[in-house]
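Student: Quick one, fold the following:
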Amino acid sequence: MPRFPDHPAIHPMETKLSKLKAAWHGGDQIGALRIAAQFPRLGDAKKTITQAWAAAQNPAFYRQLGHDPEQLVNDGLEALVARYEL
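Tutor: Sure thing, here's the model as predicted:
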């Protein structure tokens with residue numbers, strides 16, 4: 001690949017999915033959940049993943065609603081594993 005002095009090196013495009021997988025495999029599961037919660041098409045896992053991210057951000061609110069935020073996050077992480085084969 002040629003290099004030109006006035007242009008940065010060309011890198012392969014980094015997709016949201018590749019960022020999600022990199023975060024997951026780098027040990028940042030909550031970061032992967034954050035990325036996935038922004039995806040427009042999550043299929044059947046959409047509610048589980050978005051609710052898990054919301055519970056991770058505001059656990060006190062979910063406790064007030066009578067939910068276990070840790071369980072919601074764990075359910076979201078399991079949905080990520082199933083959806084993206086992590």
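Student: C-alpha from now on. contacts and neighbour counts both.
Tutor: OK.
Student: Low-confidence regions, the chain specifically.
Tutor: For the chain, applying pLDDT under 70 flags the ranges 1-12.
Student: quick one, longest helix in the protein?
Tutor: Counting residues, the longest helix in the chain under DSSP state H turns out to be helix 69-84.
Student: which stretches of the chain form helices?
Tutor: 16-25, 29-37, 46-57, 59-64, 69-84.
Student: Which residues in the last one does the neighbour count mark as buried?
Tutor: When neighbours are counted by 16 or more other C-alpha atoms under 10 Å, the buried residues of helix 69-84 are found to be Pro69, Leu72, Val73, Asp75, Gly76, Leu77, Ala79, Leu80.
Student: Summarise which helices and strands the longest helix of the chain is packed against.
Tutor: Counting by 3 or more C-alpha pairs under 8 Å, 6 or more residues apart in numbering; DSSP states H and E, the packing neighbours recorded for helix 69-84 are helix 29-37, helix 46-57, helix 59-64.
Student: Now find how far off-centre the first one is within its chain.
Tutor: Right, the one you point to is helix 29-37. Centroid displacement of helix 29-37 relative to its chain, using C-alpha atoms, centre = their mean, to the nearest Å, is 2 Å.
Student: now do the last one
Tutor: On the basis of C-alpha atoms, centre = their mean, helix 59-64 is displaced by 21 Å from the centre of the chain it belongs to.
Student: Any buried residues in it, and which?
Tutor: Going by neighbour count (16+ other C-alpha under 10 Å), the buried part of helix 59-64 is Pro59, Tyr62.
Student: and Asp68, what does it touch?
Tutor: Tyr62 (C-alpha atoms under 8 Å, 6 or more residues apart in numbering).
Student: ok, the buried residues of helix 69-84 vs Glu14, which is closest?
Tutor: Nearest to Glu14 among the buried residues of helix 69-84, counting by C-alpha to C-alpha, is Leu80 at 19.2 Å.
Student: How much space separates the closest one from Gly66?
Tutor: According to C-alpha to C-alpha, to the nearest Å, Leu80 and Gly66 sit 24 Å apart.
Student: Then Gln51?
Tutor: From Gln51 across to Gly66, the span is 14 Å (C-alpha to C-alpha).
Student: Which of the two has more residues huddled nearby?
Tutor: Neighbour tally, Gln51 and Gly66, criterion other C-alpha atoms under 10 Å: the higher count belongs to Gln51, 19 against 9.
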